[in-house]
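Participant: The following comprises the amino acid sequence and a computationally predicted model.
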Amino acid sequence: MTRHVLLNNIDHQNSRVIHYFGPEFGDNVPSALVFPTEFIELQKEYPILLRKDDPQGSYQAIALLGFSREENLYLNEQHPIGWDARYIPASLEKGPFLIGFQRSMGMQDEEPNAVVHIDMSHPKVSTEQGQQLFLSQGGNSPYLEHISARLQTIHQGTALAPIFYSALEQLELVESVTIEFALQNGDKIRLLGNYCINEQRLATLPADALARLQQSGFLALIYAMVFSMGTIRHLIERKNSLQSQQ
């Protein structure tokens, strides 16, 4: 059961968070929810795909981490933090933290302020090991500052995502994709239900449409999605390497 509380430097002066990734913490997942605000970094490490939980619903972006249930090919216990990549999707790196909202006393008509909450029941929360959250004099630790930036990435990305995906749909830039390949041991992998950028459609967009995408900052995000598909080859190599060690 989750136990979300407002993070503060009095109640949580001695709280620590384990900044390590592994199956014991539930990080063995084949995909992670990601946001347009991190596409530029994600494209260097992960395939970025779109999915729909409901055919009539909206798109969500995911970073592909593995090809089967409970498989995250980026987990590596030999790595100092258990994750073998230069960038970790914000939805996973945030660990027990989340953004909450509260209004100032007597300011019920104002927009609520974003504040950091922590799930004290999360397995990465500890008082004995991990990264400290606050300095001895009460200021935020470098780790907490880093996590706050990741939460901001999620917060801003949550607002941007529906606008971006709507623009993709209006320009008919999304198409379904089936990912099929054979591993070195002969096993065949086939992934369904994913969507990617229709590169042929992108190449034939009129100049005014491209200009609007450029001005909005969306064109760079679209190309990040396109370029990210090249990392599928590296993910397959990870899978083959893992199987050869078994």
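Facilitator: On my side now, so go ahead. Numbers count the residues shown, from 1 in each chain.

Participant: okay, CA-based contacts and neighbour counts for the rest of this
Facilitator: OK.

Participant: ok, then the element right after the worst-scoring helix or strand of the chain on mean pLDDT?
Facilitator: Among the helices and strands of the chain, strand 97-102 carries the lowest confidence by mean pLDDT, DSSP states H and E, at a mean of 87. Following strand 97-102 in sequence order, the next helix or strand is strand 113-119 (DSSP states H and E).

Participant: Direction included, what does that following strand pair against?
Facilitator: strand 4-6 (antiparallel), strand 97-102 (antiparallel) (DSSP bridges).

Participant: I would like the residues contacting that strand, please.
Facilitator: Here strand 113-119 makes contact (C-alpha atoms under 8 Å, 6 or more residues apart in numbering) with 2-7, 96-104, 125, 148.

Participant: please redo it, this time with the cut-off set to 10 Å
Facilitator: 1-8, 12, 94-104, 125, 144, 147-148, 151-152, 155 (C-alpha atoms under 10 Å, 6 or more residues apart in numbering).

Participant: Any of the residues you listed buried? List them.
Facilitator: 4, 6-8, 12, 94-99, 125, 144, 147-148, 151-152, 155 (16 or more other C-alpha atoms under 10 Å).

Participant: what sits against residue 215?
Facilitator: residue 209.

Participant: name the element it belongs to?
Facilitator: helix 207-216.

Participant: just residue 78 next, same as before
Facilitator: Using DSSP H and E, no helix or strand contains residue 78.

Participant: surely it meets residue 21?
Facilitator: No: in this structure, residue 78 is not within contact of residue 21 by C-alpha atoms under 10 Å, at 11.1 Å.

Participant: Which one's more surrounded, those two?
Facilitator: Comparing residue 78 with residue 21 by other C-alpha atoms under 10 Å, the one with more neighbours is residue 21, at 24 against 9.

Participant: Following element in sequence after the helix holding residue 215, please.
Facilitator: Next helix or strand after helix 207-216 toward the C-terminus (DSSP H and E): helix 218-228.
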